[in-house]
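Trainee: 3D, please:
(2 chains)
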Protein chains: 2
Amino acid sequence: MTDDHLFVELIRRRLSVERFDPSHRLDEATVRALVADAAEAPSSFNIQHWRFIAVRREADKARLMEAAYGQRQVADAAVTFIVLGDAAGVERLPEVLERAVAEGALAAERADAWLEMAQELYADPALARDEAIRSACLASMVLMLAAEARGLASGALIGFDPEKVRREFAVPAGCVPVMLLAVGRALEMDGARKPRLEVDSILSFDDGRGLER
Amino acid sequence: MTDDHLFVELIRRRLSVERFDPSHRLDEATVRALVADAAEAPSSFNIQHWRFIAVRREADKARLMEAAYGQRQVADAAVTFIVLGDAAGVERLPEVLERAVAEGALAAERADAWLEMAQELYADPALARDEAIRSACLASMVLMLAAEARGLASGALIGFDPEKVRREFAVPAGCVPVMLLAVGRALEMDGARKPRLEVDSILSFDDGRGLER
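Mentor: Purely as a prediction, here's the structure:
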């Protein structure tokens, strides 16, 4: 993609869909491809804190919908991902770094320094949790755009009971449920693109032109 | 973009760059366009919690680099964005909803219901903070890809002193510094793409095939 117009067209076309075609199915290969795309997001020290549970079976989607206060898109969409952030993600960093060094993507001395820095940084549980949320969100955004690029619709939800999701779907202890991501075929485009705030009200410059608040 | 190959090519081409051309400048129009693109991300109730401070002047970039423990990319990049999440973002929801209703993107009754739900939800400060981080990260990911689509390079950083950034750059009280995002021209592609974990180790299905941890 050398032309940014294509990308701008993609991000403007994407809408958060609430009504999905309940008869639509997605094969496992597509589900895996979407997750592989999502994993192209960047992450701190390349830790890749993102984890995904793909919920596709009718009975499971119904259980997940219940944990999402009955929001129908969870059950209607072909797949609803439970997007998790692994607050203990740093534990897998040695494995990640070993491969990066083996593939020549990182110098061995740098890998050692990264491991030391990361272990020190993420010993703070609050920071580790924040990072898990950050990484999971970066990956989720790529997943939504990857769905759009494949002609699929998506809708992110944060209205769900995290403890119920944790219990019902055996979320590993160190993982934080970050969002639900419904992906499927839009039944109808039932909403226009929501207007955005003016750039001036979300952007300030270092020359003193300030944010509104 | 009807062809997902173009998008996959874009996300695979993007690398987190650490060495930027310090002589490269970006005009204000490009900075604004990148932020406008970022704001195409979705957000809870369309609150748009993201805020950006674009740091471009040499002296300011030097101050910001100091708050980022001397990481050079902060000063070398043409612009480094301080990406903020507004934990009090819900306060602007009435304005957001009014415009959505006026533009026919949302029914008036739904807008009323949204406002009530959102105000109840984000009365919880922990949830409000999480949401600010989530939204800021979704927007940051779009910004990084928008930079790539424009032939620019980017590098996200979370290694900085948030209190120092807050103080030095007059971050509004309700806003959480979420990341720094350096954008400019790569001096050299000094790193290969870092290998990713296998899909099977980050994805599980609802039929019982579990996450590794």
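Trainee: hang on, residue A:52 is in a strand, isn't it?
Mentor: Yes - counting by DSSP: H, G, I helix; E, B strand; the rest coil, one finds residue A:52 located in a strand.
Trainee: how many neighbours does it have?
Mentor: Residue A:52: 27 surrounding residues under other CB atoms under 10 Å in any protein chain shown. Glycine gets a C-beta too; all of them are placed from N, C-alpha and C.
Trainee: I'd say it and residue B:202 touch.
Mentor: Yes - the criterion here is CB atoms under 8 Å, and residue A:52 meets it with residue B:202 at 6.3 Å.
Trainee: Mutual contacts of those two, please.
Mentor: The contact sets of residue A:52 and residue B:202 overlap at residue A:35 (CB atoms under 8 Å, 6 or more residues apart in numbering or on different chains).
Trainee: For residue A:120, the count of nearby residues, please.
Mentor: 10.
Trainee: gap between residue A:58 and chain B?
Mentor: Distance, residue A:58 to chain B, by CB to the nearest CB, to the nearest Å: 10 Å.
Trainee: Model confidence score at the spatially most central residue of chain A, please.
Mentor: The centroid of chain A falls nearest to residue A:140 when counting by CA atoms, centre = their mean (1.9 Å). Predicted confidence (pLDDT) for residue A:140: 98.
Trainee: Ignoring the adjacent residues along the chain, who's closest to it?
Mentor: Excluding the flanking residues, the one nearest residue A:140 by CB to CB, 6 or more residues apart in numbering or on different chains is residue A:83, at 5.2 Å.
Trainee: Which strand or helix spans the one you found?
Mentor: strand A:79-86 (DSSP states H and E).
Trainee: Each with direction, which strands does that strand pair with?
Mentor: Strand pairing for strand A:79-86, using DSSP bridges, gives strand A:50-55 (antiparallel), strand A:175-184 (antiparallel).
Trainee: before we move on, the earlier item: how many residues are close by the residue nearest to residue A:140?
Mentor: Neighbour tally, residue A:83, other CB under 10 Å: 25.
Trainee: what bridges to it?
Mentor: With DSSP bridges as the rule, residue A:83 is bridged to residue A:52, residue A:179.
Trainee: can you pull the contacts of it?
Mentor: A:50, A:51, A:52, A:136, A:139, A:140, A:143, A:177, A:178, A:179, A:180, A:181.
Trainee: neighbour-wise, which of the residues you listed leads?
Mentor: Going by other CB under 10 Å, residue A:51 tops those with 32 neighbours.
Trainee: Let me know whether that one touches residue A:84 as I believe.
Mentor: Yes - counting by CB under 8 Å, residue A:51 touches residue A:84, with 4.1 Å between them.
Trainee: So residue A:40 is in contact with residue A:142, correct?
Mentor: Yes - with contact defined as CB under 8 Å, residue A:40 counts as touching residue A:142 (6.0 Å).
Trainee: ranges for the helices of chain A?
Mentor: Along chain A, the stretches classed as helices by DSSP state H are A:4-13, A:28-38, A:58-67, A:73-76, A:93-102, A:108-121, A:125-149, A:162-168.
Trainee: which stretch among those helices comes nearest residue B:186?
Mentor: Closest of the helices of chain A to residue B:186 is helix A:4-13, at 16.8 Å (criterion: CB to CB).
Trainee: What residues of that closest one count as buried?
Mentor: A:4, A:6, A:7, A:8, A:10, A:11 (16 or more other CB atoms under 10 Å in any protein chain shown).
Trainee: Could you do stretch A:85-96 as well?
Mentor: For stretch A:85-96, using 16+ other CB under 10 Å, the buried residues are A:85, A:86, A:87, A:88, A:89, A:90, A:92, A:93, A:96.
Trainee: What of stretch A:101-116?
Mentor: Applying 16+ other CB under 10 Å to stretch A:101-116 flags A:101, A:105, A:106, A:111, A:114, A:115 as buried.
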